[in-house]
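Participant: sharing a sequence plus its predicted fold:
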Amino acid sequence: MGRGPVGEPAIIKYVNNSLASVDDVSNTDGSMILIKTLTASDSSSLRFVHGSADVDFSTYPIYVFKFYNIHGSTDGEYTFGFQGSIDAGSNYNVAITSTMIQSYHGESGSGGALGYYTGGDQAQGTSVQLLNAGGTGGDNDQSCSGELWLFNPSSTTYVKHFMAVTNISQDNDNSNNCYTAGYFNTTSDIDAMSFEPGRVTVSTVFQTGTIKMYGIKDS
């Protein structure tokens, strides 16, 4: 950025004729592109499949999934997670190596801790990869929100790294914040992603919630 006559940042000038006509001053290069929005309605899973309904896993080097207020049907009996596919959604069982850290604190002011969560990691596992620790609350006002980043899923040379951050209102009225990272241990291209309840003990569906898939342009 240029400098003004007294060392201050130079004034940025917009081509619009007036401030009233400025459309957007953030992300002006349009680097994050919305690809698809899925909304839960008593859904057993929400799936993004390459080539289906304009879903694309091959154009961008980075994909971001943002999820909002994922609300399950059973209090404390489900978590939120994902798995990938290398055969256009016929199977969701790619080998994953991952790690998870969680922190939590109760509504009453009780508890409060930060630590490694062994229940959220995998070592060449093919299960649903959890994105939160503990059970998500099923009360009407409880849900899970966050985002997942997936890097270069169409590569046929490297493994496919991912990282995520989530926050849930837990069934025991804790705020539970998790950081999850790892990789799909495959050089095949990831061409579908399934978001679903993970490691449940009863039948659970996503009653409500939204997941948006974005592609990020190369620099």
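Facilitator: Structure received.
Participant: for this structure, give me the ranges with low pLDDT.
Facilitator: Under the criterion of pLDDT under 70, the regions of the chain flagged as low confidence span 1-30, 77-78, 199-202, 219.
Participant: tell me where it has strands.
Facilitator: 32-39, 46-49, 62-72, 79-85, 96-106, 113-116, 123-125, 129-130, 144-151, 160-169, 174-184, 192-198, 206-216 (DSSP state E).
Participant: who does the fifth one touch, helix- and strand-wise?
Facilitator: Using 3 or more CB pairs under 8 Å, 6 or more residues apart in numbering; DSSP states H and E as the contact test, the elements touching strand 96-106 are strand 113-116, strand 123-125, strand 129-130, strand 174-184. Yep, even glycine has a C-beta here, placed from its N, CA and C like the rest.
Participant: could you check the angle strand 174-184 makes with it?
Facilitator: Angle between the axes of strand 96-106 and strand 174-184 is 170 degrees (criterion: axes from the mean of the first three to the mean of the last three CA atoms, to 10 degrees).
Participant: got a list of contacts for strand 96-106?
Facilitator: Contact partners of strand 96-106, identified using CB atoms under 8 Å, 6 or more residues apart in numbering, comprise 83, 111-117, 119-127, 129-130, 132-134, 170, 172-185.
Participant: could I get the buried residue list for that strand?
Facilitator: Neighbour-count burial for strand 96-106, with 16 or more other CB atoms under 10 Å as criterion, is recorded at 96, 97, 98, 99, 100, 101, 102, 103, 104.
Participant: turn those into CSV, columns for distance to residue 33.
Facilitator: As requested, the buried residues of strand 96-106 are exported to CSV (distance: CB to CB, whole Å):
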residue, distance to residue 33
96, 26
97, 29
98, 27
99, 29
100, 29
101, 30
102, 32
103, 32
104, 35
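Participant: tell me the two of those that are most distant?
Facilitator: Distances among the buried residues of strand 96-106 were taken as CB to CB; the most separated pair is 97 and 104, at 24.6 Å.
Participant: find the centremost residue of the chain, please.
Facilitator: With distances taken as CA atoms, centre = their mean, residue 148 lies nearest the centre of the chain, 2.5 Å away.
Participant: and the gap between it and residue 122?
Facilitator: In this structure, residue 148 lies at 15 Å from residue 122, with CB to CB, to the nearest Å as the measure.
Participant: same deal with residue 104?
Facilitator: 21 Å.
Participant: now swap in residue 152 and tell me
Facilitator: For residue 152, the distance to residue 122 equals 20 Å [CB to CB].
Participant: ok, now residue 197?
Facilitator: 17 Å.
Participant: okay, those two: which has more neighbours?
Facilitator: residue 197 (25 against 18; other CB atoms under 10 Å).
Participant: OK, contacts around that one?
Facilitator: For residue 197, the contacting residues are 44, 72, 78, 79, 80, 81, 128, 204, 205, 206, taking CB under 8 Å, 6+ apart as the criterion.
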